[in-house]
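A.B. asks: Here is a sequence with its predicted model. Questions after.
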Amino acid sequence: MKKIHSASALAAILSASLSTTASAAESDKSGYTLFNPTPVEKMRDMSTDRPDQTESPFTVDAGHFQIEADIVKYTYDRYKANGENTRTKTWNVAPVNLKAGLTNSTDLQIVIDNYVNRTDSDKAAGTRETTDGFGDVTVRLKHNLWGNDGGKTAFALMPYVKLATNQNDLENDDVEGGLIAPLAIDLGDGYGLGLMTQVDILKDADDSGYHPAFVNTATFAVEWSEQIGTYYEIFTEKGTDTGDRWVVSFDTGVTYGFTDNIQFDAGINIGVTEAADDYQPFVGATYRF
């Protein structure tokens, strides 16, 4: 039984590249839709947009659904410079990405930040404040341009919009959006490379307008066995608003393929620059049906 277990889409492209000898008639899945589901025997190996921050170029098969979630995620950040001495601790409980396969090459995603608990401490001022509540909702539409069902590479475009649904000023109260472009490359022998470029359109800090921010990532995945995989990732982000600083993190984690349709994972994102969160451990799971 083939199980998907490495970061994001990289394991999927390794196995997908082995199946390209099927005839065009046998592999044609263009007629399947949300209301005419892809038969189980024709479904591609499960691919996830987690646990790394590099998104997958592969979509959920038409007429099928996928739930990807952090069971729990903790973020710690300390800033001590220019007379400031602040700490922020954040718990995210069960943030989830709900996916639905619309066609063979397109899926719809609803990302919900279910519960957020954040504590802000200012050591210099001697203050401490805890805020909690529902977070934002993000709607994404992923369209695979090539490589969904075979080949050495796969590429997709994913526009998104963030809706300001958060409570108690946990985030800003503005609609934001952007475009994500993920690429997966099969390196052979159980190794894979994922690259992603993302342009975000974000609200200015002074609320005067919008500005672009640029995200670039690279992730290297290794299949150690039929069930175990690991990944090693560099994440970078830089906005163009006044005062925006360079965010760089090193991320790593492990995935475990329990069945064809269930995956567990755990990892940690470690800040490299001062602007990045210091560390962010998490555990999560994916279920497809």
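C.D. replies: Structure's in. What do you need?

A.B. asks: quick one: terminal-to-terminal distance for stretch 145-159?
C.D. replies: By CA to CA, to the nearest Å, the extent of stretch 145-159 from end to end equals 14 Å.

A.B. asks: how about it: buried residues?
C.D. replies: By neighbour count on 16 or more other CB atoms under 10 Å, the buried set for stretch 145-159 is 147-151, 154-156, 158. C-betas here are computed from N, CA, C, even on glycine.

A.B. asks: Each with direction, which strands does the particular helix or strand that has residue 235 in it pair with?
C.D. replies: Using DSSP states H and E, residue 235 maps to strand 228-239. Partners of strand 228-239 in the sheet, by DSSP bridges, are strand 210-223 (antiparallel), strand 247-259 (antiparallel).

A.B. asks: a markdown table for those, including distance to residue 31, mean neighbour count and mean pLDDT?
C.D. replies: Output for the strands paired with strand 228-239, formatted as a markdown table (distance: least, CB to CB, whole Å; neighbours: other CB atoms under 10 Å; pLDDT from 0 to 100):
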| stretch | distance to residue 31 | mean neighbour count | mean pLDDT |
| --- | --- | --- | --- |
| strand 210-223 | 32 | 18 | 98 |
| strand 247-259 | 28 | 19 | 98 |
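
A.B. asks: The helix or strand hosting residue 74 - contacts with which helices or strands?
C.D. replies: Assignment of secondary structure by DSSP H and E places residue 74 within strand 65-81. Contacting strand 65-81 under the criterion 3 or more CB pairs under 8 Å, 6 or more residues apart in numbering; DSSP states H and E are the following elements: strand 84-93, strand 96-101, strand 279-288.

A.B. asks: average pLDDT for the last one?
C.D. replies: Confidence for strand 279-288, expressed as mean pLDDT, is 98.

A.B. asks: ok, back up a step: quick one, the strand holding residue 74 and strand 279-288 angle?
C.D. replies: 170 degrees (axes from the mean of the first three to the mean of the last three CA atoms, to 10 degrees).

A.B. asks: Could I have the CA atoms of strand 65-81 written out in CSV?
C.D. replies: The C-alpha atoms that make up strand 65-81 are tabulated as CSV, following Å, rounded to 0.1, in the frame of the first residue of the first chain:
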residue,chain,number,x,y,z
PHE,A,65,-12.2,16.3,0.1
GLN,A,66,-9.2,16.8,2.3
ILE,A,67,-8.9,18.2,5.9
GLU,A,68,-5.4,19.5,6.9
ALA,A,69,-5.0,20.9,10.4
ASP,A,70,-2.6,21.7,13.1
ILE,A,71,-3.7,19.9,16.2
VAL,A,72,-1.9,22.6,18.2
LYS,A,73,0.7,25.2,17.3
TYR,A,74,2.7,27.4,19.7
THR,A,75,4.6,30.6,18.7
TYR,A,76,7.2,32.4,20.9
ASP,A,77,8.8,35.7,20.0
ARG,A,78,11.0,38.0,22.0
TYR,A,79,12.2,41.5,20.9
LYS,A,80,14.9,43.2,22.9
ALA,A,81,16.4,46.3,21.1
